[in-house]
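Asks: I need the structure of the sequence given here:
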Amino acid sequence: MKELNRREFLTLSGAAVVALSLAGCGGPSTPPAPTTSKETELLTAINKVWKEKFDAGLVDHEQLTLNQDAVGAIRCYGRVFEEANETPHTLKDPDHKIIFGELNGLEDKIRNKYGKDSLAGMAGISEPSPENVVALEDAYSCEDAAVRAFVAKLLDNSNSAKAEFISIYLPVVQGKTYMTAVVFRNNKV
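Replies: Next comes the predicted model:
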């Protein structure tokens, strides 16, 4: 990769600032594209089911927009599973450091940008048991039945039907990909 000199760096930085400032003018900006083909495939499959829910009057938005602002809410556990390379996993002190590191400031960031109670449903990670055991629940699959079950979990919250954004994290444990996601909405509109 070519090393940038100071002038090239300043030129590119200036262009980026101009592009970002223009993106704020004249309507909504385009959300970032999914970072992997698996995320793209999963988002497409979820939105197919979500559209059916919209047509039936069960959700407020026709499609979910990929927005990774809330990804830390699910990545915190995904990273624990990846580090341990096991699921289920008994949470230990080092795991809590990873979780709290990912969650540090996330709640304030989401509340400041999207408003109070904007986080809605989450899917793919079990609730910790009394013995602090957690597990990844959903192997990666874009098959209709698997996606419908995953969307049902995302909608298992009273605020989920109002969701307009989704953050996706696909942890890989022992060579197997799992799907996790969180949906949220903009309460500042």
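Asks: for D60, give me its contacts.
Replies: Taking CB atoms under 8 Å, 6 or more residues apart in numbering, we find D60 in contact with F54, A161, K162, A163, E164. For every residue, glycine as well, the C-beta is placed using N, CA and C.
Asks: format those residues as TSV; extra columns: pLDDT and secondary structure.
Replies: Below are the contacts of D60 laid out as TSV (pLDDT from 0 to 100; DSSP: H, G, I helix; E, B strand; the rest coil):
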residue	pLDDT	secondary structure
F54	97	helix
A161	93	helix
K162	93	helix
A163	95	coil
E164	95	coil
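Asks: by neighbours, which of those wins?
Replies: The residue in the contacts of D60 with the most neighbours, by other CB atoms under 10 Å, is A163 (25 neighbours).
Asks: excluding its backbone neighbours, what's nearest K116?
Replies: In space, and not counting its chain neighbours, K116 is closest to N187: 6.2 Å by CB to CB, 6 or more residues apart in numbering.
Asks: can you tell me the element the one you found falls in?
Replies: Assigned by DSSP states H and E, N187 falls within no helix or strand.
Asks: contacting residues for it?
Replies: Counting by CB under 8 Å, 6+ apart, N187 has contacts Y114, G115, K116, D117, S118.
Asks: now it: how far from N104?
Replies: Per CB to CB, to the nearest Å, N187 is found 22 Å from N104.
Asks: at the geometric centre of this protein, which residue do we find?
Replies: In the chain, the residue lying closest to the centroid (CA atoms, centre = their mean) is S167, at 1.7 Å.
Asks: tell me which element it falls in.
Replies: Element membership for S167 (DSSP H and E) is strand 165-169.
Asks: pLDDT on that strand, on average?
Replies: When pLDDT is averaged over strand 165-169, the result is 97.
Asks: what ranges do the strands span in the chain?
Replies: Here the chain has its strands, by DSSP state E, at 65-66, 89-90, 119-123, 133-134, 165-169, 172-173, 176-177, 180-184.
Asks: tell me which strands the third one pairs with, and in which orientation.
Replies: If I follow you right, that is strand 119-123. Within its sheet, strand 119-123 is paired with strand 180-184 (antiparallel), according to DSSP bridges.
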